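Asks: Take this sequence and fold it.
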Amino acid sequence: MTTLNALDPSPEQIKAFLSHKGANEPVFMLNLLKFKTRATYKDGEDISGREAYARYAKAFGEMVRESGVQADTLFGGNVNAFLIGAETGSTASDFEWDAVAIVKYPNAAKMFEMVSSDSYKKIHKHRRAGLEGQLLISCDGKGVF
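Replies: Next up is the predicted model:
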């Protein structure tokens with residue numbers, strides 16, 4: 001299976017996300033993030049992709065708080081090393097992703113409503129400038145074991 005770091009979902013992915021069996025329950029969004037080396041702002045501002053994404057993350061957090069939606073970032077961190085599943089001797093610069101985050105939303109529809117809002121459209125430029133791509137995986141909170 002080939003993975004595809006992307007910036008936006010396809011219409012088919014949106015439909016599947018909004019209609020999966022746990023869509024009406026809390027969803028935990030696993031974010032696997034790959035940053036651009038340099039951000040690509042239209043005005044040419046020269047900062048790292050990571051810095052641009054940090055602007056997005058801060059603005060997104062503020063947007064969530066102002067909306068009153070009970071969405072929580074449960075974890076965020078940098079990818080440091082693989083223990084299983086990567087080539088021996090791989091370094092952080094070889095990794096497919098630079099950072100990982102897990103964000104909990106009340107349900108799929110509420111999450112999608114937030115990222116479709118006019119407020120979100122105003123901050124999305126930072127995400128687009130900073131991210132090379134990502135995997136965004138919807139998980140339930142039922143536990144595996």
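Asks: where does the chain have low pLDDT?
Replies: 1-3, 86-94 (pLDDT under 70).
Asks: max-length helix in it?
Replies: Ordering each helix of the chain by length in residues (DSSP state H) puts helix 49-67 first.
Asks: Contacts for stretch 104-124, please.
Replies: 14, 17-18, 20, 22-29, 55-56, 59-60, 63-64, 66-67, 69-72, 74, 138, 141 (CB atoms under 8 Å, 6 or more residues apart in numbering). From N, CA and C alone the C-beta is placed, and that goes for glycine too.
Asks: what helix or strand is residue 40 on?
Replies: Using DSSP states H and E, residue 40 falls within no helix or strand.
Asks: list the contacts for it?
Replies: Counting by CB under 8 Å, 6+ apart, residue 40 makes contact with 128-129.
Asks: ok, which stretches of this structure are helices?
Replies: Under DSSP H, the chain gives helices at 11-19, 49-67, 108-114, 118-130.
Asks: Which one of the ones you listed lies nearest to residue 145?
Replies: Residue 145 lies closest, by CB to CB, to one member of those: helix 108-114, at 24.2 Å.
Asks: Using CSV, list the CA coordinates for that closest one.
Replies: Below are the C-alpha coordinates for helix 108-114, written out as CSV (Å, rounded to 0.1, in the frame of the first residue of the first chain):
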residue,chain,number,x,y,z
ALA,A,108,-17.1,13.8,12.6
ALA,A,109,-19.7,16.4,11.5
LYS,A,110,-18.6,18.9,14.1
MET,A,111,-14.9,18.5,13.1
PHE,A,112,-15.8,19.0,9.4
GLU,A,113,-18.0,21.9,10.2
MET,A,114,-15.1,23.7,11.9
